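1. Pasting a predicted model and its sequence here:
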Amino acid sequence: MLTLVISASSLLLVFCGFYFAKTSKEMPKNWYELKTEIRYQYIGIVGLIHDFMYRSRDRVALYKQPGRVAVITGGNRGIGLRVAEKLLACDITVILGVRDPKSAEAAVTSVVDLASSGGKLICEALDIGDLTSVKEFADKVKAQFNKIDLLINNAGIMFAPFKLTADGYESHFATNYLGHFLLTHLLMPELKAAGKEGQNSRIVNISSCAHLIGRINYKDINGLKLYYPGTAYSQSKLAQVLFTRHLQAILDAESAHVQVNAVHPGIVDTDLFEHSATTAVPFVKKLVFKTPEQGSRTVVFAAIDAKVEGRGGSYLSNGGLGQIHRDAKNPEKCEQLFKFSCELLKIKDFGSGKI
Ligand SMILES: NC(=O)c1ccc[n+]([C@@H]2O[C@H](COP(=O)([O-])OP(=O)(O)OC[C@H]3O[C@@H](n4cnc5c(N)ncnc54)[C@H](OP(=O)(O)O)[C@@H]3O)[C@@H](O)[C@H]2O)c1
């Protein structure tokens, strides 16, 4: 029996070594990184089971909403592209903030017949990981629209090798979280102007089930001392959930007609996994992951469904409530990150749209 267990374990180890080595994934180098890896495998499998169990609940009904305006970061591929497709089908005008506006326009027009939509498509340059670019993008949006109904904070990276942005922030923290925090602040006056009684304007922060294993490392937010891509990703995704919770508390206190939710889109077969070991087994992704269209459903549900009206501050997954990190249930922890982010960005009055 013992021989059998040892042989099976050795075979598994050889398989795992082969599996990781074939990809651009950073291999765990110590116990801490291996533990992170094991936790990722665990939440990934739980996520896949959840997606399968709740697949019949994961639906969104599209309806016409001419005259409304949505801003989506990313949106040239993956989940964001399918979100744009659905919103355009609702006759909503869609502004994509993308790194390459020309190719983004080509990507959207390859899946959407714009002539059949009552909404317009506008593509503007945005590098969400660059704070100057975020300010320039917000200025361009504000110059064209004084009301914004939907802000979908979608753009993201996962498991990228260590890199500091031009502003000196670790790339996951800057791209997935801080850039979106700033964009939300800058567009808040237009979001407030669009919301009304019974029809809140809505912010959707696309987070991830990976937030569940996240920790905000205030002493070393950029991971300079101990960087592991999985840790950087889960920190940024937890930051989005804590931000969602505190921002909703602020909006409630102001009685603003704006609501904000975080969403886990499911485990979705997109380019996000480029630095993941799953690139070695693409057939597995095709078989068990959601398609980008399926991944867009809960995002659009959070953005337009009547059942979500007045239910800000939630974390949604597969068309219902998902499990959240214990820190996200603690208002003080949510406020701590919020204040920390305002200090980093020198924001004195969040939501004023001014720096
Ligand atoms: N796929 C999943 O299983 C999964 C699970 C949980 C959460 N999510 C979240 O869902 C969101 C969308 O991911 P996805 O799966 O659709 O990934 P994807 O196919 O890789 O798309 C990522 C999008 O983000 C954009 N982006 C990345 N860095 C950017 C930057 N600095 N400035 C502007 N845009 C940038 C990309 O634009 P470029 O083409 O210019 O690179 C692309 O449009 C992410 O926030 C991700 O964390 C995904």
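-> Thanks, I have the structure now.
2. Now do the contacts for Cys123.
-> If you count contacts by CB atoms under 8 Å, 6 or more residues apart in numbering, Cys123 has them with Ile95, Leu96, Val98, Pro101, Lys102, Ala104, Glu105, Val108. For every residue, glycine as well, the C-beta is placed using N, CA and C.
3. Kindly recompute the last result at 7 Å.
-> Leu96, Val98, Pro101, Ala104, Glu105 (CB atoms under 7 Å, 6 or more residues apart in numbering).
4. mind checking how far the most centrally placed residue in the chain is from Glu254?
-> Of all residues in the chain, the one closest to the mean position by CA atoms, centre = their mean is Ile206, 2.7 Å from it. Counting by CB to CB, to the nearest Å, the gap between Ile206 and Glu254 amounts to 24 Å.
5. Then Gly47?
-> Taking CB to CB, one finds Gly47 at 35 Å from Glu254.
6. Compare the two and say which one has the larger neighbour count.
-> Gly47 (22 against 11; other CB atoms under 10 Å).
7. Residue numbers of this structure in contact with the ligand?
-> Contact residues, the chain versus the ligand (CB under 6 Å from any ligand atom): 73-80, 98-99, 126-129, 154-158, 175-176, 206, 208, 264-265, 267-268, 270-272.
8. rerun that using 5 Å as the cut-off
-> Neighbours of the ligand within the chain, by CB under 5 Å from any ligand atom: 74, 76-79, 99, 127-129, 155-156, 175, 206, 208, 267-268, 270-272.
9. From these, list the buried ones, please.
-> 74, 76-79, 99, 127-129, 155-156, 175, 206, 208, 267-268, 270, 272 (16 or more other CB atoms under 10 Å).
10. What ranges does the chain have for its strands?
-> Listed in chain order, the strands of the chain (DSSP state E) span 69-73, 93-98, 121-125, 150-153, 201-206, 258-264, 315-317, 320-321.
11. can you put those strands in TSV and add mean pLDDT?
-> Conversion of the strands of the chain to TSV gives the following (pLDDT from 0 to 100):
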stretch	mean pLDDT
strand 69-73	98
strand 93-98	98
strand 121-125	98
strand 150-153	98
strand 201-206	98
strand 258-264	98
strand 315-317	98
strand 320-321	97
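12. Count the neighbours of Ile355 for me.
-> 13.
13. My read is that Ile148 contacts Ile92, right?
-> No - judged on CB atoms under 7 Å, Ile148 makes no contact with Ile92 at a distance of 10.9 Å.
14. need the contact list for Asn146.
-> By CB under 7 Å, 6+ apart, the contact list for Asn146 reads Glu190, Ala193.
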